[in-house]
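Asks: okay, predicted coordinates and the sequence, questions at the end:
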4 protein chains.
Amino acid sequence: MAGENKVRERRKAARPAEIIEAAFEEFTRHGYAGTRLEDVAKLAGVTKGTIYVYFPDKEQLFHAVMRKYWRRIPDDMRQLHGIPEKPAAAFLRSFLRLVYQTMQADRQGREIFRLIVAEAERFPALVDEYHREVIEPVLEKLRGILDEAAQRGEIRRSAVLEFPDIVLAPAALMHLWLLIFSNRRPFDADRFLEAHLDLVLHGLVADTAAQPD
Amino acid sequence: MAGENKVRERRKAARPAEIIEAAFEEFTRHGYAGTRLEDVAKLAGVTKGTIYVYFPDKEQLFHAVMRKYWRRIPDDMRQLHGIPEKPAAAFLRSFLRLVYQTMQADRQGREIFRLIVAEAERFPALVDEYHREVIEPVLEKLRGILDEAAQRGEIRRSAVLEFPDIVLAPAALMHLWLLIFSNRRPFDADRFLEAHLDLVLHGLVADTAAQPD
Amino acid sequence: MAGENKVRERRKAARPAEIIEAAFEEFTRHGYAGTRLEDVAKLAGVTKGTIYVYFPDKEQLFHAVMRKYWRRIPDDMRQLHGIPEKPAAAFLRSFLRLVYQTMQADRQGREIFRLIVAEAERFPALVDEYHREVIEPVLEKLRGILDEAAQRGEIRRSAVLEFPDIVLAPAALMHLWLLIFSNRRPFDADRFLEAHLDLVLHGLVADTAAQPD
Amino acid sequence: MAGENKVRERRKAARPAEIIEAAFEEFTRHGYAGTRLEDVAKLAGVTKGTIYVYFPDKEQLFHAVMRKYWRRIPDDMRQLHGIPEKPAAAFLRSFLRLVYQTMQADRQGREIFRLIVAEAERFPALVDEYHREVIEPVLEKLRGILDEAAQRGEIRRSAVLEFPDIVLAPAALMHLWLLIFSNRRPFDADRFLEAHLDLVLHGLVADTAAQPD
DNA sequence: TATGAATGAGCTTTCATTCAT
DNA sequence: GATGAATGAAAGCTCATTCAT
């Protein structure tokens, strides 16, 4: 009774995920319009028809790919729990370091971002969803860090507090550089992060006494 | 009769440019693979066949579009000539203000950037060319500004000097926001620029005496 | 437990009939080629595979549908037994009234007729079978009625006796009207029958004395 | 200037008609769903793509086929002009003879009728159009003939006058027989028409004195 | 017996490209 | 140069049929 059709069930249960994985590769490599479902199928080790067993059409498969791969990003931020939140300089450093680590390691999240930029016109609803679920939480987290530090008097009250994106911008730019140059252009991410921290900590510090590092 | 001919000739001479303009609209809206040459032709007021009179194939047309629209960007930087280069804070402000103005006004440059991100995998050579001709000059300009200011002792010698991208990053991010949210999300570019300047000037300033604004 | 089994067995035994019923609906609505076995399965409350347990392929299922639904038509004619066969006018009236009643009530027979017309080219053998089993018996019955009436001198000996279809034709036409206009076009079947009878009885009557109604 | 591209233009102008002709053959043989556009193309001597130069999709091609082939039917009725309208018996005979001739000769009109019956469910609007443009005019013509004859006292005022279809029904039935039996079943159309006329003329005649033939 | 995942041939439709005019 | 009819390869999608369970 037990274990006889487990293999089959396991395969069956894994099918949609396998197809999504393959679709991710093809979509990120060739864009939405440039992707051939036949290639997706081949990569997933199934036939064209099988894709349609699980997804009603190309568009829904695209949606599934997008949603699957951006969900994981905010999860990484949980690692921040347990890190003492002050002094602000140290916490900010931890926060940004985590962001860089995630961004560097997470090729998938990066490629999803490419698709967001590339297909923003075709799938505006997806862009909004992405903003709400991926970008906004990170910015809100950062805004909270900055606000509390400002309340404690550790950093200046400046217009920057209104735009946490500005503090994060260099990280986003690194994202883009990795995206468009792949590995053609050497990039010292550690040193880039140090420079980024240098600017931010000097730029936000409450008074000259509070020097970072 | 001669006048008639002239109009015709002028139109004839304008054909390739008109086709490129139309192709720009279609490529930026639908991406490379998603663009139909028939739509390009319709928008340009010619027929499909005419495109092939001037361009050997879709790919070369794409190249032409890309090259035409990014050439103009560095031109804007000439406006900086004539502005006194010190004090550094003021010059940086002028520089960044110019960058923001250009970025906001230049929908075409923005859309080209979208294509760079979207089609980086398919046209890596184009990305490299874009970097050499568009990104690099701006970064080099900024690097020059920063280096000179540092030599004059107006700003700190920090790791940031190695990565002028970091100073420019918020502007690039605004570029992206405009790109993916179109006009769906209100964005106060002026205030964003002020916050950006606030961070950069405080972050780079040599000593606490040199406050911006 | 035994009761449970019975229900199941009863259901099992009913399966083929349920499938045929569902197939009838789909085939008549969408034609042979336009019918999807998956829809048949859904309508029958089974899965696609089950159809193949009972029918080797789509074609055989179609055959089964056709044969099942035309068998019942001649049965209705048994209702004529017991009606005195003369005078001919009265018997003819009873006969035609029965034909009209059957035709109006029997949506299924009507739809089968549509399939006969629609798929005659693809299934000529089925058409011949249909003629032999459905059309011919009715025509023969009518021919018999007319012949006997003629022998009794109640109706004229005319060429019409060779073609009982001519006497029946208006009924067939009503069949067609119902088939192609569904309920879009109002149709007074009773009055139509009266007119039909009027023509036939006047047309066949032996002499002017024998007026119907 | 003249005659150089005439051949091409002639071919071009003929294309849609050639495709419609080929489509007619395939649609009438295999029905709407059963027809493969590739076969249509092959029969028309073009490639699949060419069909889409002239017709937006399969459905519009079907519409075009239907409309093209039923237009000609009412035209045949013009042949009646010039025939003296009385006595009614003779005119009715001419009318029905013409109907039979048309029906026998016009394989295309017959096949269109098959499609009307077969696809009535899928294209109800087409059925209505067919009724308005093909059936209705014939019935109205006949109704006019009968009404005038009745006014002149040449035929009885009976319920039949309300339903000219009844008078025409045998012709319609012959249509069907030809349609579903092709040439498998011998059919003496002349004798059938004679029998038909016999019934109708006897059935409608005002008094016993007025005998047909 | 019944299932339904999987197949793959085949369908309609699209579109970059060609070429006679 | 300019046209646009024609092509044909290939794309997205469908569905009758199979088969391991």
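Replies: Cool, the structure landed. Numbers count the residues shown, from 1 in each chain, chains lettered A, B, ... in the order given.

Asks: what's the burial count for the closest residue to chain D within chain A?
Replies: Chain D sits closest to residue A:57 of chain A, with a gap of 18.2 Å, by C-beta to the nearest C-beta. Placement of C-beta: from N, CA and C, glycine included. Neighbours of residue A:57 under the rule other C-beta atoms under 10 Å in any protein chain shown: 10.

Asks: can I get the CA coordinates of stretch A:78-86 in PDB?
Replies: Extracted in PDB, the C-alpha atoms of stretch A:78-86 (Å, rounded to 0.1, in the frame of the first residue of the first chain):
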ATOM      1  CA  ARG A  78      15.100  38.000   9.000                       C
ATOM      2  CA  GLN A  79      18.800  37.400   9.600                       C
ATOM      3  CA  LEU A  80      19.000  40.900  11.000                       C
ATOM      4  CA  HIS A  81      17.000  39.900  14.000                       C
ATOM      5  CA  GLY A  82      19.300  39.300  17.000                       C
ATOM      6  CA  ILE A  83      21.800  42.000  15.900                       C
ATOM      7  CA  PRO A  84      21.700  44.800  18.400                       C
ATOM      8  CA  GLU A  85      20.300  47.900  16.800                       C
ATOM      9  CA  LYS A  86      22.800  50.400  18.200                       C
END
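
Asks: which residues sit against it?
Replies: A:90, A:91, A:94, A:95, A:98, A:141, A:145, A:148, A:149, A:152, A:154 (C-beta atoms under 8 Å, 6 or more residues apart in numbering or on different chains).

Asks: mind running it again at 6 Å?
Replies: A:91, A:94 (C-beta atoms under 6 Å, 6 or more residues apart in numbering or on different chains).

Asks: following element in sequence after the host helix or strand of residue A:177, please.
Replies: Using DSSP states H and E, residue A:177 falls within helix A:164-181. Downstream of helix A:164-181, the next assigned helix or strand under DSSP H and E is helix A:189-204.

Asks: buried sites along stretch A:186-193?
Replies: Under the neighbour-count criterion of 16 or more other C-beta atoms under 10 Å in any protein chain shown, stretch A:186-193 has A:189, A:192, A:193 buried.

Asks: of the residues you listed, just say which sits nearest to chain C.
Replies: Taking C-beta to the nearest C-beta as the measure, residue A:189 is the one of those closest to chain C, at 53.0 Å.

Asks: measure the closest residue to the closest one other than its chain neighbours to residue C:145 for me?
Replies: Nearest in space to residue A:189, with sequence neighbours left out and distances taken as C-beta to C-beta, 6 or more residues apart in numbering or on different chains, is residue A:104 at 5.7 Å. From residue A:104 across to residue C:145, the span is 95 Å (C-beta to C-beta, to the nearest Å).

Asks: hmm, back to that, quick check: angle from the helix holding residue A:177 to helix B:189-204?
Replies: For helix A:164-181 against helix B:189-204, the angle between stretch directions is 90 degrees (axes from the mean of the first three to the mean of the last three C-alpha atoms, to 10 degrees).

Asks: list every C-alpha atom in helix A:164-181, with coordinates, as CSV.
Replies: Extracted C-alpha coordinates of helix A:164-181, given in CSV (Å, rounded to 0.1, in the frame of the first residue of the first chain):
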residue,chain,number,x,y,z
PRO,A,164,15.8,55.7,2.1
ASP,A,165,16.3,54.7,-1.5
ILE,A,166,19.1,57.2,-1.6
VAL,A,167,21.0,55.3,1.1
LEU,A,168,20.4,52.1,-0.8
ALA,A,169,21.1,53.4,-4.2
PRO,A,170,24.7,52.2,-4.6
ALA,A,171,23.6,48.7,-3.8
ALA,A,172,21.0,48.9,-6.5
LEU,A,173,23.5,50.2,-8.9
MET,A,174,25.8,47.3,-8.2
HIS,A,175,22.8,45.1,-9.0
LEU,A,176,22.6,46.7,-12.4
TRP,A,177,26.3,46.4,-13.1
LEU,A,178,26.3,42.7,-12.3
LEU,A,179,23.2,42.4,-14.5
ILE,A,180,24.4,44.1,-17.6
PHE,A,181,28.1,43.2,-17.6
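
Asks: and the helix or strand harbouring residue A:66, what does it pack onto?
Replies: Taking DSSP H and E as the criterion, the element that holds residue A:66 is helix A:58-76. Applying 3 or more C-beta pairs under 6 Å, 6 or more residues apart in numbering or on different chains; DSSP states H and E, one finds that helix A:58-76 contacts helix A:6-34, helix A:107-118.

Asks: hey, least reliable of those helices by pLDDT?
Replies: Ranked by mean pLDDT, those bottom out at helix A:6-34, which scores a mean of 85.

Asks: next helix or strand past that helix?
Replies: Heading C-terminal from helix A:6-34 (DSSP H and E), you reach helix A:37-44.

Asks: return the set of buried residues in that next one.
Replies: By neighbour count on 16+ other C-beta under 10 Å, the buried set for helix A:37-44 is A:37, A:39, A:40, A:41, A:43, A:44.

Asks: before we move on, what about stretch A:44-61?
Replies: Buried-residue list, stretch A:44-61, by 16+ other C-beta under 10 Å: A:44, A:46, A:51, A:54, A:55, A:58, A:61.

Asks: could you dump stretch A:135-154 to CSV, C-alpha only?
Replies: The C-alpha coordinates for stretch A:135-154 follow below in CSV (Å, rounded to 0.1, in the frame of the first residue of the first chain):
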residue,chain,number,x,y,z
ILE,A,135,11.2,46.8,-2.7
GLU,A,136,8.9,48.5,-0.3
PRO,A,137,9.7,46.1,2.7
VAL,A,138,13.4,46.7,2.3
LEU,A,139,13.0,50.4,2.1
GLU,A,140,10.6,50.4,5.1
LYS,A,141,13.1,48.4,7.1
LEU,A,142,15.8,50.9,6.3
ARG,A,143,13.5,53.8,7.0
GLY,A,144,12.8,52.4,10.4
ILE,A,145,16.5,52.0,11.1
LEU,A,146,17.2,55.6,10.1
ASP,A,147,14.2,57.0,12.0
GLU,A,148,15.2,55.3,15.2
ALA,A,149,18.8,56.4,14.9
ALA,A,150,17.7,59.9,14.3
GLN,A,151,15.4,59.8,17.3
ARG,A,152,18.3,58.6,19.4
GLY,A,153,20.3,61.5,18.1
GLU,A,154,22.8,59.2,16.4
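
Asks: next one: it to chain centre, how far?
Replies: Relative to its chain's centre, stretch A:135-154 lies at 19 Å (C-alpha atoms, centre = their mean, to the nearest Å).

Asks: give me the buried positions along that stretch.
Replies: A:135, A:138, A:139, A:141, A:142, A:143, A:145, A:146, A:149, A:150, A:154.

Asks: ok, back up a step: out of the helices and strands packed on helix A:58-76, which one sits most buried?
Replies: helix A:107-118 (a mean of 21; mean count of other C-beta atoms under 10 Å in any protein chain shown).

Asks: next one: the next helix or strand along the chain from that one to chain centre, how far?
Replies: For helix A:107-118, the following helix or strand on the C-terminal side (DSSP H and E) is helix A:124-130. Relative to the centre of its chain, helix A:124-130 is centred 14 Å away, using C-alpha atoms, centre = their mean.

Asks: ok, stretch A:59-66 next?
Replies: 17 Å.

Asks: do the same with stretch A:192-207
Replies: With C-alpha atoms, centre = their mean, you get 23 Å for stretch A:192-207.

Asks: is it positioned near chain B?
Replies: Yes. For stretch A:192-207, a contact with chain B is found by C-beta under 6 Å from any C-beta of the partner chain, at A:192, A:194, A:195, A:196, A:198, A:199, A:202, A:203.

Asks: can you check stretch A:155-173 too?
Replies: Yes. Shown here: stretch A:155-173 in contact with chain B (C-beta under 6 Å from any C-beta) through A:158, A:159, A:160, A:163, A:165, A:166, A:169, A:170, A:172, A:173.

Asks: so the first one is in contact with residue B:197, correct?
Replies: No. Distance between residue A:158 and residue B:197: 10.3 Å, which falls outside the contact criterion (C-beta atoms under 6 Å).

Asks: between the two, who's got more neighbours?
Replies: Neighbour count, other C-beta under 10 Å: between residue A:158 and residue B:197, residue B:197 has more, with 22 against 17.
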